[in-house]
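Participant: Fold the following, please.
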Amino acid sequence: MKKFLLVSMMALGLGTVAMANGNNGHRGFQGNQKYNSGKMSTRQCQGSQTNEERALMREKIRTNPKLQEGRIKLQENKVAMMKEMAKETPNFSNIEKINKDRANIQAEMKTERMKMRYEALKANKTTN
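Facilitator: Okay, here's the model as predicted:
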């Protein structure tokens with residue numbers, strides 16, 4: 001009887017935890033509405049593109065010289081951060097500077113990708 005009670009309490013506790021998390025913490029359609037209000041999802045934007053067009057866009061992004069340079073700068077930035085953190089007493093003002101540089105590089109790269117997507121959408125509209 002004690003074993004049955006112990007096993008049932010464990011199962012109940014496990015079930016409660018599983019229900020509390022539910023779907024890996026996602027809230028479902030209603031929970032995501034406040035985050036997606038007025039914005040098209042990535043799938044909706046890509047719905048009119050063929051697989052070939054998407055592959056071509058990925059290749060353009062991969063081979064873009066500005067983005068390649070940005071990736072190299074981010075790697076150098078990461079190494080600089082690791083060197084600073086490996087010191088016995090890291091200088092956090094230097095770490096802050098490195099983090100700001102990283103954010104600027106990421107913003108430049110994001111802007112370049114947005115330009116490329118805009119040009120691709122514009123070219124796609126003129127062909128249709």
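Participant: pLDDT on stretch 87-97, on average?
Facilitator: Looking at stretch 87-97 alone, the average pLDDT works out to 94.
Participant: Which positions in the helix or strand where Thr126 lies come out as buried?
Facilitator: Using DSSP states H and E, Thr126 sits in helix 92-127. Buried residues in helix 92-127, counting neighbours by 16 or more other CB atoms under 10 Å, are found at 98, 101-102, 105, 109, 112-113, 116, 120. From N, CA and C alone the C-beta is placed, and that goes for glycine too.
Participant: and of these, the nearest to Val7?
Facilitator: Arg102 (51.1 Å; CB to CB).
Participant: give me every residue that touches the closest one.
Facilitator: Shown in contact with Arg102 (CB atoms under 8 Å, 6 or more residues apart in numbering): 74, 77, 81.
Participant: nearest to Leu5, of the residues you listed?
Facilitator: In terms of CB to CB, no member of the contacts of Arg102 lies closer to Leu5 than Met81, at 53.5 Å.
Participant: coming back round to it: which of the contacts of Arg102 are buried, as a ChimeraX select command?
Facilitator: Restricted to buried positions by 16+ other CB under 10 Å, the ChimeraX selection for these reads:
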select :77,81
